[in-house]
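**Student:** generate coordinates for the sequence data below:
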Amino acid sequence: MRAIVIEETGGPEVMRLAEVPDPVPGPGQVVVDVEARGVNFIDVYRRAGIYAVPTPFTPGGEGAGTVSAVGEGVTGVAVGMRVGSVEVAGSYAERAIVEADKLIPLPDGVTSEQAAAVLLQGITAHYLTHSTYAVQPGDTVLVHAAAGGTGLLITQLAKLRGARVIGTVSTEAKEARAREAGADEVIRYTEADVVEEVRRLTDGEGVPVVYDGVGAGTFDASLACLRRRGLLALFGQSSGVVPPVDPQRLNTAGSVYLTRPFLGHYTATRDELLERSSDVLGLVATGSLHVHVGGRYPLAEAHRAHAALASRATTGKLLLV
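**Tutor:** Below you'll find the predicted structure:
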């Protein structure tokens, strides 16, 4: 089969398409013929060596397709079943191994592309808005990078829970995309001071929660936008790693809270994984949650997808198909 192989970490150019042996499922595993793969910042971090992975390796973790082989001891899974997962062992390939207990059945009405575009970021948006800070009707929330893949989903889920959403974006086109997703107020951080605007829009109070997947470039503003005893949910670092923080800053910001959530801690059991994924996919199937695909690339052009994602000029989700 064909797969992207990384022999040494570095820029997008280190990814090359190669012929590799077909995977064989072990006990408790299945093989999935992968039809679509989500491109995520964690893939970029692993490719670049920011997150250490033994080389050589095939990148990718999110994907969807059809079960083509079942290993020993697997029950409840059959060849031909349509599935997705956020823990595919190297989804940048034509076929990949998935642990059976990490499979997510796809409901009718949800395509493989939709699943690959929504599972990781959709489950992330779900736990952020339902658990990390459970959005309540009437809350005003701040979403950084509101036109990005996760930002669009956080915005929609927060609106479904009755929130008023303030989003930050960099361009007019991204503002339009964020408003389409339901953002009530949009701040173009290239033209206005985010903190001043948030304080103005909240009558000086600030917001109870900031959803920040940008990191170094927004961290200070995020703290300054919180109301007393508010929560900063720092779930990503697309602009770089946040430097070490003196806890005293949380005091001076208003006895605020800082959390660095991780998807695996919010899907630690199969029941929780299925509950969150079922909620997300159910909303997609009914049209209540819209998945915006910002770009589709052939597997052989994974390097172009990584360059586009790292540029932070894209909106929505990028896929390898």
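**Student:** quick one, helices of the stretch 201-321 of the chain?
**Tutor:** 219-225, 248-252, 263-266, 270-286, 302-311 (DSSP state H, counting those that start in this stretch).
**Student:** want to throw the ones you listed into CSV with distance to Val14 and mean neighbour count?
**Tutor:** (C-beta placed from N, C-alpha, C; glycine too.) Listed next are those as CSV, based on distance: least, CB to CB, whole Å; neighbours: other CB atoms under 10 Å:
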stretch, distance to Val14, mean neighbour count
helix 219-225, 29, 22
helix 248-252, 38, 11
helix 263-266, 26, 15
helix 270-286, 32, 17
helix 302-311, 8, 19
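**Student:** wait, which of the ones you listed is closest to Met1?
**Tutor:** helix 302-311 (15.0 Å; CB to CB).
**Student:** give me the contact list for that closest one.
**Tutor:** Contact partners of helix 302-311, identified using CB atoms under 8 Å, 6 or more residues apart in numbering, comprise 4, 12-13, 15, 39-41, 43-44, 47, 59, 92, 295, 297, 314, 318-320.
**Student:** let's see that with 10 Å instead.
**Tutor:** Defining contact as CB atoms under 10 Å, 6 or more residues apart in numbering, one finds that helix 302-311 is touched by 4, 6, 11-17, 37, 39-41, 43-44, 47-48, 59-60, 92, 148-149, 238, 294-299, 301, 313-314, 317-320.
**Student:** just the buried ones from the residues you listed?
**Tutor:** By neighbour count, with 16 or more other CB atoms under 10 Å, the contacts of helix 302-311 hold 4, 6, 12, 14-15, 17, 37, 39-41, 43-44, 47-48, 59-60, 92, 148-149, 238, 294-295, 297, 299, 301, 314, 317-320 as buried.
**Student:** about what we covered before: out of the contacts of helix 302-311, which sit inside strands?
**Tutor:** The members of the contacts of helix 302-311 that map onto strands under DSSP state E are 4, 6, 15-17, 37, 39, 294-297, 317-320.
**Student:** quick one: which of those residues is nearest Gly28?
**Tutor:** Of the ones in strands among the contacts of helix 302-311, the one sitting nearest to Gly28 (CB to CB) turns out to be Arg37, at 22.5 Å.
**Student:** now the residue most central in space within the chain. Nearest residue, chain neighbours left out?
**Tutor:** Nearest residue to the geometric centre of the chain (CA atoms, centre = their mean): Gln121, 2.8 Å. The shortest distance from Gln121 to any non-neighbouring residue, by CB to CB, 6 or more residues apart in numbering, is to Thr150 (4.4 Å).
**Student:** the one you found against Ala233, yeah?
**Tutor:** No. At 11.3 Å, Thr150 and Ala233 do not qualify as touching, with contact defined as CB atoms under 10 Å.
**Student:** mutual contacts of the two, please.
**Tutor:** Contact criterion CB under 10 Å, 6+ apart; residues shared by Thr150 and Ala233: 128, 211, 213.
**Student:** okay, these in TSV with neighbour count next?
**Tutor:** Below are those laid out as TSV (neighbours: other CB atoms under 10 Å):
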residue	neighbour count
Leu128	28
Tyr211	33
Gly213	24
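**Student:** and these as TSV, adding distance to Gly84 and pLDDT?
**Tutor:** Listed next are these as TSV, based on distance: CB to CB, whole Å; pLDDT from 0 to 100:
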residue	distance to Gly84	pLDDT
Leu128	20	98
Tyr211	24	98
Gly213	21	95
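**Student:** and those residues, which of them are in strands?
**Tutor:** Tyr211.
**Student:** tell me the one of the shared contacts of Thr150 and Ala233 nearest Leu274?
**Tutor:** Nearest to Leu274 among those, counting by CB to CB, is Leu128 at 18.4 Å.
**Student:** so how far is Thr150 from that closest one?
**Tutor:** Going from Leu128 to Thr150 by CB to CB, to the nearest Å gives 8 Å.
**Student:** hey, what's in contact with both of those two?
**Tutor:** In contact with both Leu128 and Thr150: 143, 211, 213, 235, using CB under 10 Å, 6+ apart.
**Student:** and the last one, how many neighbours?
**Tutor:** Read that as Phe235. When counting by other CB atoms under 10 Å, one arrives at 21 neighbours for Phe235.
**Student:** gap between it and Val321?
**Tutor:** Distance of Phe235 to Val321, given as CB to CB: 26 Å.
**Student:** with the first one instead?
**Tutor:** Between Val143 and Val321 the distance, using CB to CB, works out to 28 Å.
**Student:** mind checking which of the two has more residues around it?
**Tutor:** Val143 (33 against 14).
**Student:** quick one, phi/psi of the more buried one?
**Tutor:** phi -120, psi 110 (degrees, to the nearest 10).
**Student:** over to Phe57?
**Tutor:** phi -150, psi 160.
**Student:** swap in the one 10 residues further on?
**Tutor:** Backbone torsions of Val67, given as degrees, to the nearest 10, read phi -70, psi 130.
**Student:** name all residues that make contact with Ala224.
**Tutor:** 193-196, 198-199, 206, 210, 253-254, 256.
**Student:** specify which member of those residues is nearest to Arg227.
**Tutor:** Using CB to CB, the contacts of Ala224 come closest to Arg227 at Gly206, 3.6 Å.
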